[in-house]
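1. I need the structure of the sequence given here:
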Amino acid sequence: MRKETKNWLQMVEYDMRTAECMLKTGRCVYVIFMCHLAIEKMLKAIVSEAARKTPPMTHNLIYLLKLSEVNPPQPMYDFISIISNASIPTRYPEDFEKLIEVYPKKIAKDYLEKTKEVIKWLKEDKRLKE
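-> Sure, this is the predicted structure:
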């Protein structure tokens, strides 16, 4: 496995732990943000290994899915699409109070659980096993 790929995977674990800490402290917008980052970095790890080069600088998870050539089950793909669309508002909110309303603790917890499922599924990619 490439050193860069290992680095991406380490960051995934770090981001997931950060998301869990943010949930415990009620920083729900940042839970969503960190979940997005973790999936992004997981996909970049696969792209890094598959392409044998640095993945592109993008936050678009659907684009990274295409580059990685993984095909998640439809419910997982749907969630990845939803969280991909959350990237811009959680980075650059136009109305922070509204964003807090959109992502209450219950939603943040759900996103975190679904992100864990996505990460677990992506870690099974055979290119990360070599």
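
2. buried ones in the worst-scoring helix or strand of the chain on mean pLDDT?
-> Sorting the helices and strands of the chain by mean pLDDT, DSSP states H and E puts helix 87-91 at the bottom, at a mean of 89. For helix 87-91, burial by neighbour count (16 or more other Cβ atoms under 10 Å) applies to 87, 89-90. Just so you know, the C-beta spots here come from the backbone N, C-alpha and C atoms, and that holds for glycine as well.

3. wouldn't Ala45 be in contact with Trp8 here?
-> Yes: at 3.6 Å, Ala45 counts as touching Trp8 under the criterion of Cβ atoms under 8 Å.

4. which one of those two is surrounded by more residues?
-> Set side by side, Ala45 and Trp8 show more neighbours around Ala45, with 28 against 22, by other Cβ atoms under 10 Å.

5. helices or strands next to the helix or strand encompassing that one in the packing?
-> Using DSSP states H and E, the element containing Ala45 is helix 28-51. Using 3 or more Cβ pairs under 8 Å, 6 or more residues apart in numbering; DSSP states H and E, the elements in contact with helix 28-51 are helix 3-24, helix 61-68, helix 74-85, helix 87-91, helix 96-102, helix 105-123.

6. looking at those helices, which is buried most?
-> Of these, the one with the most neighbours on average (mean count of other Cβ atoms under 10 Å) is helix 61-68, at a mean of 19.

7. show me the contact partners of that helix.
-> Contact with helix 61-68 is made by 36, 39-40, 43-44, 46-47, 50-51, 55-56, 58, 72, 77, 80-81, 83-84, 87, 125, as judged by Cβ atoms under 8 Å, 6 or more residues apart in numbering.
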